[in-house]
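A.B. asks: Need a 3D model of the sequence below.
(one chain, ligands or ions: 1)
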Amino acid sequence: MVTESTSHVIRLEETDEEFSRAVIKAFGKNLYYCFQCGTCTASCPVARFDENYSPRRIIRSAVLGLSRLVLESDLIWLCAICNSCTERCPRGVRPSEVIRTIRNMATKKGQVHEFYVNQANAIANYGRIWKNEEIVNELRDDMGLPQVAPVSLVEIAKVMDATKVKELLAARDGATEK
Ligand code: SF4
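C.D. replies: Numbers count the residues shown, from 1 in each chain. Below you'll find the model as predicted:
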């Protein structure tokens with residue numbers, strides 16, 4: 001995975017017109033309205049913890065077609081989809097939705113982050129993102145909360161089939177082996 005540098009010289013040969021067109025097709029010309037004010041990055045709770053994380057920079061990189069810098073970056077996976085940027089963007093760019101679309105593109109290329117792979121596998125195996133229900137139920141007991149409801153792994157498998165999650169994870173394994 002590529003890690004984003006705070007300074008990056010843009011070379012024409014690095015630009016990927018197809019990627020840029022695909023993002024713009026998904027969001028329309030709104031993306032061109034971004035005037036790099038930085039409201040999204042200033043509003044972002046993740047950017048407070050990682051100075052390399054900048055929705056503003058991701059938007060500009062996507063418009064310029066810097067696919068490698070965006071799709072292969074660990075940074076796109078940091079977004080918590082809290083939508084603070086989308087609520088505050090004065091130009092209606094919807095950065096959190098753009099980042100989610102870019103993640104979907106990366107996933108289809110087999111470049112989903114390992115963290116999400118682990119979560120998907122946990123959901124497939126346990127129906128939740130954690131294994132040990134007893135610990136959670138003990139904590140809930142202490143707080144006077146009801147026990148967590150049982151999960152049907154059969155239903156989870158149906159959802160995973162319908163959403164092709166396993167195929168996407170297999171694509172990642174194939175990409176990793178290359
Ligand atoms: Fe661009 Fe909107 Fe972010 Fe400002 S808040 S940099 S206009 S995406």
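
A.B. asks: Show me how the chain divides into domains.
C.D. replies: 12-108, 114-177 (automatic domain parsing).

A.B. asks: Lowest mean pLDDT across those, which one is that?
C.D. replies: The minimum mean pLDDT among the domains of the chain belongs to domain 114-177 (a mean of 86).

A.B. asks: returning to what we had before: now the domains of the chain in a markdown table, please, with extra columns for mean neighbour count and distance to the ligand.
C.D. replies: For every residue, glycine as well, the C-beta is placed using N, CA and C. Listed next are the domains of the chain as a markdown table, based on neighbours: other Cβ atoms under 10 Å; distance: least, Cβ to the nearest ligand atom, whole Å:
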| stretch | mean neighbour count | distance to the ligand |
| --- | --- | --- |
| domain 12-108 | 18 | 3 |
| domain 114-177 | 13 | 24 |
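
A.B. asks: SS state for V117?
C.D. replies: Secondary structure for V117, judged by DSSP: H, G, I helix; E, B strand; the rest coil, is helix.

A.B. asks: which residues does the nearest residue to it once chain neighbours are set aside contact?
C.D. replies: Ranked by Cβ to Cβ, 6 or more residues apart in numbering and with sequence neighbours excluded, the top spatial neighbour of V117 is L169, at 5.8 Å. Neighbour list for L169: V112, V117, A120, N121 [criterion: Cβ atoms under 8 Å, 6 or more residues apart in numbering].

A.B. asks: Could you check how far L169 is from W130?
C.D. replies: As judged by Cβ to Cβ, to the nearest Å, L169 and W130 stand 19 Å apart.

A.B. asks: Isn't T39 up against V93?
C.D. replies: No - T39 is not in contact with V93 according to Cβ atoms under 8 Å; the separation is 9.8 Å.

A.B. asks: Find the nearest non-adjacent residue to I99, please.
C.D. replies: In space, and not counting its chain neighbours, I99 is closest to C79: 4.7 Å by Cβ to Cβ, 6+ apart.

A.B. asks: residue contacts, the one you found?
C.D. replies: Applying Cβ under 8 Å, 6+ apart, the residues contacting C79 are V46, P55, S96, I99, R100, R103.

A.B. asks: Which ones among these map onto strands?
C.D. replies: Using DSSP state E, no member of the contacts of C79 sits in strands.

A.B. asks: Of these, which belong to helices?
C.D. replies: P55, S96, I99, R100, R103 (DSSP state H).

A.B. asks: May I ask you to confirm that the second one is in contact with R88?
C.D. replies: No - applying Cβ under 8 Å as the test, S96 and R88 come out as separate, 10.7 Å apart.

A.B. asks: ok, the ones in helices among the contacts of C79 vs S67, which is closest?
C.D. replies: Ranked by distance to S67 (Cβ to Cβ), the ones in helices among the contacts of C79 are led by R103 at 13.3 Å.
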